[in-house]
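Undergrad: what's the 3D shape of this:
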Amino acid sequence: MKVTLERLGWTPHFQKAFEALNKANWVPGRLIRETKINFTALLHDGEDIDVVLSGKVWHDAKTDAELPAVGDWVAIDLGREGDEPVIRALLPRQTCFSRKEPGKSSAEQVLAANVDIVAVVTEPGADFNPRRMERYLALIQKSGAQPLVILNKVDLFSKEDVKQASDILQELNPDCQIIRLSALRGQGIQNLRKLVRNNKTICIAGSSGVGKSTLVNAMLGDEWLWTGDVNEVTGKGRHTTVARELVLLECGGILIDNPGMREVQMWTDESTLRESFADLTELAFECKFADCQHKGDSGCAIMAAVENGSLNRERYENFLHLEEEIAELVQRQKKRQMNVERAGKRQHKIKARNYEDRRELERQRKPHLKHHRHEDYED
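TA: Modelled structure (predicted):
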């Protein structure tokens with residue numbers, strides 16, 4: 001299949017943003033790989049080139065999340081023959097799939113940019129965790145992409161287990177599409193390929209060990225990804241993904257694979273959280289008091305639903321936990337912003353003081369210059 005800008009996911013949105021730059025010697029490219037020192041970009045003719053980030057793009061970014069990431073469209077200055085291609089501008093994103101960086105950081109970590117579908121891979125067995133799936137679905141909703149859940153390894157579980165997992169997922173998000181497949185056996189892969197035709201970009205996410213890389217290999221049709229060492233007990237190879245990478249699929253789609261995530265920390269806001277828990281939001285309108293905290297307050301409709309069994313207690317507790325986590329994130333962001341502002345003011349004072357010290361030193365060394373400037377001013 002011939003590579004064109006449209007094949008890479010180019011849309012009128014990006015065309016308009018690129019034309020506004022009005023630089024004849026710049027070309028658009030989509031980032032397919034990122035390392036510690038540079039990026040790799042795909043151009044309109046299918047050529048992939050290594051590019052570096054310009055100082056201006058680096059300094060204009062207020063946070064790391066505003067720096068280019070895999071999936072981003074950028075404007076590249078190819079320069080003259082022998083020059084190193086440079087990213088001169090980052091085109092506005094249409095969607096952005098992010099999470100909070102692991103640990104106690106308050107920073108946003110971009111997992112993939114400009115994706116149409118975010119597919120979370122899980123299984124109907126030990127890895128299946130409704131609370132974790134709620135987190136994923138909330139993050140996807142915030143990103144602007146379409147949510148998809150892939151129930152992998154269905155050949156290893158009973159029909160009852162698969163149905164139970166599907167029913168739980170449907171309750172969490174009725175609009176979320178679910179695909180049941182076995183990546184190892186190649187069952188159901190065609191259904192996934194159909195979703196990403198017409199140059200759509202899909203981002204694959206999920207925990208380690210759920211068969212993500214096996215799924216990607218099946219989508220690509222060969223053993224394209226790295227595979228881990230052979231397990232000494234089972235004698236089977238372990239498929240792994242060590243870095244984010246964008247790949248063109250034969251079916252016409254575009255795929256971004258992510259390494260397995262141990263943590264799914266929230267990067268969203270209260271309104272998105274409310275939308276993700278629409279059933280609880282509707283119940284909250286029935287509470288006796290408008291400021292009900294849903295933690296044992298008198299006349300709380302949510303607590304009543306938990307007690308009569310119509311609302312799952314784990315879902316209720318997860319809602320409260322996520323709300324607390326988001327509130328904590330907001331506080332950390334405010335604290336970080338205050339620290340940045342204080343550091344900026346302190347640096348400004350230091351520069352002003354150094355400037356005055358240099359001027360005073362100059363006056364002491366050349367007093368006649370000061371006198372002449374004063375006379376000129378008087379005239």
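Undergrad: Could you list the domains of this structure?
TA: With automatic domain parsing as the criterion, the domains of the chain are listed as 6-90, 96-257, 269-379.
Undergrad: Let me have those domains in TSV, extended by mean pLDDT and mean neighbour count.
TA: From N, CA and C alone the C-beta is placed, and that goes for glycine too. Converted to TSV, those look like this (pLDDT from 0 to 100; neighbours: other CB atoms under 10 Å):
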stretch	mean pLDDT	mean neighbour count
domain 6-90	92	16
domain 96-257	82	18
domain 269-379	71	13
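Undergrad: In the stretch 1-150 of the chain, what residue spans correspond to strands?
TA: For the stretch 1-150 of the chain, applying DSSP state E, counting those that start in this stretch gives strands covering 26-34, 39-42, 48-53, 73-77, 86-90, 96-100, 108-113, 117-122, 146-151.
Undergrad: Out of the ones you listed, which is closest to R135?
TA: Within those, the stretch nearest R135 is strand 96-100; the backing value is 8.6 Å (CB to CB).
Undergrad: in its sheet, what does the closest one sit against?
TA: Sheet pairing for strand 96-100, assigned by DSSP bridges, gives strand 108-113 (antiparallel).
Undergrad: got the contact list for the strand it pairs with?
TA: Outside strand 108-113, the residues within contact range by CB atoms under 8 Å, 6 or more residues apart in numbering are 63-65, 69-72, 93, 95-102, 118, 201, 203, 205, 244, 256, 258, 267.
Undergrad: right, and the strands of the stretch 1-150 of the chain - which one's nearest D291?
TA: strand 96-100 (27.8 Å).
Undergrad: Using PDB, list the CA coordinates for the closest one.
TA: Only the C-alpha atoms of strand 96-100 are listed here, as PDB (Å, rounded to 0.1, in the frame of the first residue of the first chain):
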ATOM      1  CA  CYS A  96      -4.300  12.900  23.600                       C
ATOM      2  CA  PHE A  97      -4.300   9.700  25.700                       C
ATOM      3  CA  SER A  98      -2.500  10.500  29.000                       C
ATOM      4  CA  ARG A  99      -2.100   9.300  32.500                       C
ATOM      5  CA  LYS A 100      -0.400  10.800  35.600                       C
END
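Undergrad: what sits against the closest residue to T201 other than its chain neighbours?
TA: Closest residue to T201 apart from its sequence neighbours, by CB to CB, 6 or more residues apart in numbering: I254 at 4.2 Å. Counting by CB under 8 Å, 6+ apart, I254 touches L8, G9, V196, N199, K200, T201, I202, L246, V247, L248.
Undergrad: Next step: those residues restricted to strands.
TA: In strands, defined here by DSSP state E, the members of the contacts of I254 are T201, I202, L246, V247, L248.
Undergrad: what's the most distant pair in the residues you listed?
TA: Going by CB to CB, the pair spanning the ones in strands among the contacts of I254 furthest: I202 and L248, at 11.8 Å.
Undergrad: Between those two, which contacts overlap?
TA: Shared contacts of I202 and L248, defined by CB under 8 Å, 6+ apart, comprise I254, L255.
Undergrad: Which helix or which strand is home to the closest residue to A183 other than its chain neighbours?
TA: What sits nearest to A183 in space, not counting adjacent residues and going by CB to CB, 6+ apart, is L215, at 3.9 Å. With secondary structure defined by DSSP states H and E, L215 is part of helix 212-220.
Undergrad: And E314, by the same measure?
TA: Using DSSP H and E, E314 falls in helix 313-365.
Undergrad: Now do the contacts for L169.
TA: P130, M133, V149, L151, C176, I178.
Undergrad: could the residues you listed be laid out in CSV, adding distance to V162?
TA: Putting those into CSV (distance: CB to CB, whole Å) gives the following:
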residue, distance to V162
P130, 15
M133, 15
V149, 12
L151, 6
C176, 16
I178, 10
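Undergrad: any idea which of those residues is the one closest to R315?
TA: Proximity of those to R315 (CB to CB) peaks at P130, which lies at 7.3 Å.
Undergrad: Find the nearest non-adjacent residue to the closest one, please.
TA: Using CB to CB, 6+ apart, the closest residue to P130 is I168 (5.3 Å).
Undergrad: doesn't R131 make contact with the one you found?
TA: No: counting by CB atoms under 8 Å, I168 does not reach R131; the two are 10.7 Å apart.
Undergrad: any idea how far T201 is from A113?
TA: In this view, T201 and A113 are 9 Å apart by CB to CB, to the nearest Å.
Undergrad: so what sits against both of the two?
TA: G71.
Undergrad: gap between E134 and S182?
TA: 25 Å.
Undergrad: hang on, the earlier thing: so what's the residue nearest to A183 up against?
TA: V121, I150, N152, L181, A183, I189, I204.
Undergrad: Now do the contacts for the closest residue to the third one other than its chain neighbours.
TA: What it means is N152. Of all residues not flanking N152 in the chain, G211 sits nearest, at 4.6 Å (CB to CB, 6+ apart). G211 makes contact with V121, E123, N152, K153, A183, L184, H239 under the criterion CB under 8 Å, 6+ apart.
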